[in-house]
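>>> Show me the folded form of this:
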Amino acid sequence: MCGITGYWVRRGDPTPWLADLGASVDSLAQRGPDDQGVWVRPGARVGLGHTRLSILDLSPLGHQPMRSPDGALTMVFNGEIYNFAAVRSELEALGHRFRSSGDSEVVLAAWQQWGIAAAERFVGMFAIAIWNERERRLVLLRDRMGVKPLYYAFDGRTFWFGSELKALRAFSRWAPEVDRDALGEYLQFGYISAPRSIYRGVSKLMPGHWLELGEVGEPVARRWWAPPAGEAPLDMPEEELERRLEAILVDAFRHRMVADVPVGVFLSGGIDSSIVAALLQRYGAGDVRTFTIGFEDARFDESRHAKRVAQYLGTRHCERIVTAGDMKDVLGHWADLFDEPFGDTSGIPTYLVSKMAREHVKVALSADGGDELFCGYAHYGVVLERQRALARWPAAARRALAMPLSILERTRLQAAADRLPLPVGTRHAARRAILERLAKLSVMLPRVDAPTVYDLAMSFWTPWDIAALLGGEVAPRERVEGPGGVAEQMVHCDLRHYLPDDILAKVDRTTMAAGLEGREPMLDHRLVEFALRLPLSMRRGALGTKHLLRKVLYKHVPRELIERPKQGFAIPLASWLRGELAPLIDEYLAPRRIRDGGLLDPQAVARAVANFREGGPGNDRLDVQKVWLLLAFEMWRDRWDTGYQRRTDEGAIHARAVHHQ
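Next comes the predicted model:
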């Protein structure tokens, strides 16, 4: 696993960017502590940088940047290609010869042989940059599910890219400016979805996309893979579906055991992590290490469940109990872990379990993706339950009820609330109340705006709250349109937004910061393509959530060790913010500090803090999350000192449209 960075000066003086390339590489040192390298084209107009965490081919032959034998291509590569041996054999049959034993040289030769079609052969996770000297063209490529990150920016003269935003910030002439729309998205959901980033003019390459930039024109991003949508469900007996699912799982897990260093598993004792540990113990290396984080507060502690599963499987198990003091320590460098505002507090235990695992292994498998692929989240259950209730209604009744609820469209809802005979000061609350009631009804309708319902269900701050915080409306994020019922559309919303930009971003940053490679076997694209073609009854059926996945698991782990309400990787945030961490709120959310920042409304922030503190120990979860999101943002701003003052230094990156095809 690695970090990559680089630049291309198409016009102008390349000297400043050359001088900063080393600093950009150094900023990613935590992603690759084992080796560093840079390559600069004669004339310094192109520079590539790389940091390496050695997992495959521990010899110097895996050093990057890597050049093709004819010198035409130069590459930096972050990730792992698990089937590289098979791809290598195919290339050798075509006449290619290899010096190293790892996957990087295979990636470069595959691109030289097949171009973008090479990506379709790869089973793995990757972010790749390739400079083509003959064509004077730079290409970026990101894996199907977005496991590995890749940011980029272009000002018409110079193009920059990097695994994290700090790699771009290391270029001293870059003057970042906070994107107000992206800030609004962060406050609403707790993360920022690709292609946006927190900075204006800086984008994330979207999962399953590639980008190329030549001597003229703008960078163009194109999709090379997408999750299947609208295909007919697999029509075969349940026993056959179960057999196929287990075969795909075993193959996916075996691929991710390919390493020249020890491998472990993050174990919560839930369905997904237990099936990863169970199948690896049975079909993998045999001596599996498992790692768990627990809490002193029993309401949030799953460590005892994980320990029971580990004892049954016979893994070598390690656990650690997290305290408020641990959280305070992590928050001290939260903005270094996440150099873009990030509000998922499960990043704290994920970082701590990664640090613990790194004391024993260099690679750890997590089970992210199971909830998205097998409808494990609570909102899927609500949708399916109401859809079943809807099916018992006469068609005429459904049509009659659907018509007035077309008001769910956001702009029409706002206009309707504004016409209510209410004082101006209460219209905001009226809008929110109407929207929430309509959202609850909407999932029962045959014609429903699923992306809108999804965004409402996943919001912490509503769009109207955010308008009050930021002094006006912000542009919403990209919508996910797709065929199928509401539940299917919500699955695709999760795969498009929540999974890559919250869950996978969290695992990537925390594992990399610990010097650990995180692998995601549940996101093998073959498993994704199979799961998305399962009938809904196989994802939520007689056994409950993840019906077919449970059938496979119960062959290896007794049902009584797994059966319990879904808990997730939650932390006792409310009690900590009222106790040991309360001074952080006083410091970072002080009215004067908010006023000096210039973006957030001090009165709106003060109301959020008051609601949180006056609510008592059992107050609404949203009040807690709102304060936490504000706190995390202000800690980020304090660390990176972006401020809210627009800089106009010569050479600064300015917003420029990037075309997506």
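>>> And the contacts of the helix or strand harbouring Ala23?
For Ala23, the host element (DSSP states H and E) is helix 15-27. When contacts are defined by C-beta atoms under 8 Å, 6 or more residues apart in numbering, helix 15-27 is touched by residues 3, 5-7, 9, 36-38, 40, 44, 47, 49-51, 158, 160, 162, 164, 166-173, 651. Every residue, glycine included, has its C-beta placed from N, CA and C.
>>> how does it look with 7 Å?
By C-beta atoms under 7 Å, 6 or more residues apart in numbering, the residues outside helix 15-27 that reach it are 5, 7, 9, 36, 38, 40, 44, 47, 49, 51, 158, 162, 166-167, 170-173, 651.
>>> Buried subset of these, written for ChimeraX?
To isolate in ChimeraX the members of the contacts of helix 15-27 that are buried, counting by 16 or more other C-beta atoms under 10 Å, one can use:
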select :5,7,9,36,38,40,44,47,49,51,158,162,166,167,170,171,651
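>>> Could you tell me the average pLDDT over stretch 3-10, please?
What stretch 3-10 shows for mean pLDDT is 95.
>>> And for stretch 469-476?
Stretch 469-476 comes out at a mean pLDDT of 93.
>>> any idea how far that stretch is from the chain center?
24 Å (C-alpha atoms, centre = their mean, to the nearest Å).
>>> tell me which residues in that stretch are buried?
For stretch 469-476, the neighbour count (16+ other C-beta under 10 Å) marks 469-470, 474 as buried.
>>> Identify, from those, the entry nearest to Arg88.
Using C-beta to C-beta, Val474 is the member of the buried residues of stretch 469-476 that lies nearest Arg88, at 48.0 Å.
>>> Tell me which helix or strand Ala153 sits in.
strand 151-154.
>>> Then Gly264?
Going by DSSP H and E, Gly264 is part of strand 263-266.
>>> Which residues does that strand contact?
Residues contacting strand 263-266 (C-beta under 7 Å, 6+ apart): 257, 273, 276-277, 280, 285, 288-291, 353, 357, 360-361, 363-366.
>>> Then stretch 184-201?
So stretch 184-201 is in contact with 151, 153, 165, 176-179, 182-183, 203-204, 206, 340-344, 458-461, 463, 466, 469-470, 474, 477-478, 497, 500-502, 505, 629, 633, 653-656, going by C-beta under 7 Å, 6+ apart.
>>> So which of those sit within strands?
Secondary structure from DSSP state E places 151, 153, 203-204 of the contacts of stretch 184-201 in strands.
>>> can you give me phi and psi for Phe460?
Phe460 adopts backbone torsions of phi -100, psi -60, taken as degrees, to the nearest 10.
>>> burial count for it?
Neighbour count for Phe460, taken as other C-beta atoms under 10 Å: 20.
>>> Could you find the closest non-adjacent residue to it?
In space, and not counting its chain neighbours, Phe460 is closest to Gln625: 4.6 Å by C-beta to C-beta, 6 or more residues apart in numbering.
>>> Please identify the buried residues of the strand or helix carrying that neighbour?
Secondary structure assignment for Gln625, by DSSP H and E: helix 621-640. By 16+ other C-beta under 10 Å, the buried positions in helix 621-640 come out as 622-637, 640.
>>> got the CA positions of it in CSV?
The C-alpha trace of helix 621-640 is given here as CSV (Å, rounded to 0.1, in the frame of the first residue of the first chain):
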residue,chain,number,x,y,z
ARG,A,621,-29.1,11.7,18.8
LEU,A,622,-29.2,14.4,16.1
ASP,A,623,-28.4,17.2,18.7
VAL,A,624,-25.2,15.2,19.6
GLN,A,625,-24.2,14.6,16.0
LYS,A,626,-24.8,18.3,15.0
VAL,A,627,-22.4,19.5,17.7
TRP,A,628,-19.9,16.9,16.8
LEU,A,629,-19.9,17.8,13.1
LEU,A,630,-19.4,21.5,14.0
LEU,A,631,-16.5,20.5,16.4
ALA,A,632,-14.8,18.3,13.9
PHE,A,633,-15.0,21.0,11.2
GLU,A,634,-13.5,23.7,13.5
MET,A,635,-10.7,21.3,14.5
TRP,A,636,-10.0,20.7,10.8
ARG,A,637,-10.0,24.5,10.1
ASP,A,638,-7.7,25.1,13.1
ARG,A,639,-5.2,22.5,11.8
TRP,A,640,-5.1,23.5,8.2
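>>> The nearest residue to Tyr554 once chain neighbours are set aside: what's it in contact with?
Take Tyr554 and drop its neighbours on the chain: the residue closest to it by C-beta to C-beta, 6+ apart is Ile562, 7.6 Å away. When contacts are counted by C-beta under 7 Å, 6+ apart, Ile562 is found next to 271, 274, 553.
>>> So which of those residues wins on neighbours?
Ser274 (27 neighbours).
>>> ok, back up a step: tell me the helix or strand right after the helix holding Ala23.
In N-to-C order, the element after helix 15-27 by DSSP H and E is strand 35-40.
>>> how about low-confidence regions in the stretch 1-150 of the chain?
Applying pLDDT under 70 to the stretch 1-150 of the chain flags residues 1, 53-62.
>>> Could you rerun that using 90?
The stretch 1-150 of the chain contains residues with pLDDT under 90 at 1-2, 11-13, 15-19, 30-36, 52-64, 99-102.
>>> mind putting the buried residues of stretch 469-476 in TSV, distance to His305 included?
What follows is those, written out as TSV (distance: C-beta to C-beta, whole Å):
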residue	distance to His305
Leu469	39
Leu470	42
Val474	41
